[in-house]
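**Student:** sequence plus the predicted model coming up.
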Amino acid sequence: MGVSGSGKSTVAEGISTAMGLPFAEADRFHPEANIAKMSAGIPLTDADRWPWLSDLAAWMATQAREGQSTVMACSALRRAYRDVLRSGPPEVQFVHLDGPVELIAARMSARPDHFMPASLLASQVRTLEPLGADEDGVVLDLRHDPQTLVEQAVEWLAHR
Ligand SMILES: Nc1ncnc2c1ncn2[C@@H]1O[C@H](COP(=O)(O)OP(=O)(O)OP(=O)(O)O)[C@@H](O)[C@H]1O
Ligand SMILES: O=C(O)[C@H](O)[C@@H](O)[C@H](O)[C@H](O)CO
């Protein structure tokens with residue numbers, strides 16, 4: 001989890017490779033209308049996000065029912081969104097990539113060919129609700145390099 005540009009796709013793919021688990025990029029589950037909105041610099045609303053979050057939960061549940069764990073890169077900005085994702089099965093652990101907004105903005109601006117404009121970062125940051133003490137998750141510092149973050153995430157998952 002984390003705001004746009006925080007490194008979710010990069011780190012989640014690394015976790016999926018390291019652990020040998022199927023990976024899903026939540027961006028690929030957005031309907032065209034959501035992508036069009038974000039591409040135009042318009043933030044998604046809760047109403048835009050609910051059906052998308054249900055689809056993501058369904059993808060995880062289908063595999064969990066066959067005993068298959070999964071890894072997903074998903075913004076999961078608000079607690080209520082995470083509640084949909086952890087409606088289960090499976091049990092869901094969250095890895096929040098957190099760090100300085102200026103660094104995230106710089107990474108977004110340097111990123112080629114992505115629909116998400118850096119102008120939406122401010123709204124992502126406003127919407128973000130950090131993990132509560134009662135939520136099953138860990139916060140990692142996105143200033144680290146991707147390989148270090150993958151190792152930290154795998155280590156936390158192994159010992160939680
Ligand atoms: N730890 C890191 N150190 C340096 N660069 C990184 C790191 N993580 C990601 N990047 C780079 O920053 C950019 C944003 O990363 P990425 O696309 O993985 O973020 P994201 O959270 O999935 O974004 P979005 O939600 O907008 O799809 C990419 O160009 C990526 O290569
Ligand atoms: O909840 C949201 O607003 C969305 O998931 C966004 O975070 C983007 O899809 C993603 O970050 C792409 O850049």
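**Tutor:** It's in. Ligands and ions are numbered 1, 2, ... in the order given.

**Student:** number of residues surrounding Val150?
**Tutor:** By the other CB atoms under 10 Å criterion, the neighbourhood of Val150 contains 23 residues. Every C-beta, even on glycine, is put in place using the N, C-alpha and C of the backbone.

**Student:** what do you get for Asp27?
**Tutor:** Neighbour tally, Asp27, other CB under 10 Å: 19.

**Student:** three-state assignment of it?
**Tutor:** helix (DSSP: H, G, I helix; E, B strand; the rest coil).

**Student:** any idea how far Ser109 is from the spatially most central residue of the chain?
**Tutor:** The centre of the chain sits closest to Cys74, judged by CA atoms, centre = their mean, with a distance of 2.4 Å. With the distance defined as CB to CB, to the nearest Å, Cys74 ends up 22 Å from Ser109.

**Student:** spell out, range by range, the strands that occur in this structure.
**Tutor:** 23-25, 71-73, 94-98, 137-141 (DSSP state E).

**Student:** adjacent strands (with direction) for the last one?
**Tutor:** Strand pairing for strand 137-141, using DSSP bridges, gives strand 94-98 (parallel).

**Student:** distance between the partner strand and the chain's centre?
**Tutor:** 8 Å (CA atoms, centre = their mean, to the nearest Å).

**Student:** can that strand be said to contact ligand 2?
**Tutor:** No - using CB under 6 Å from any ligand atom, strand 94-98 stays clear of ligand 2, with a minimum separation of 11.3 Å.
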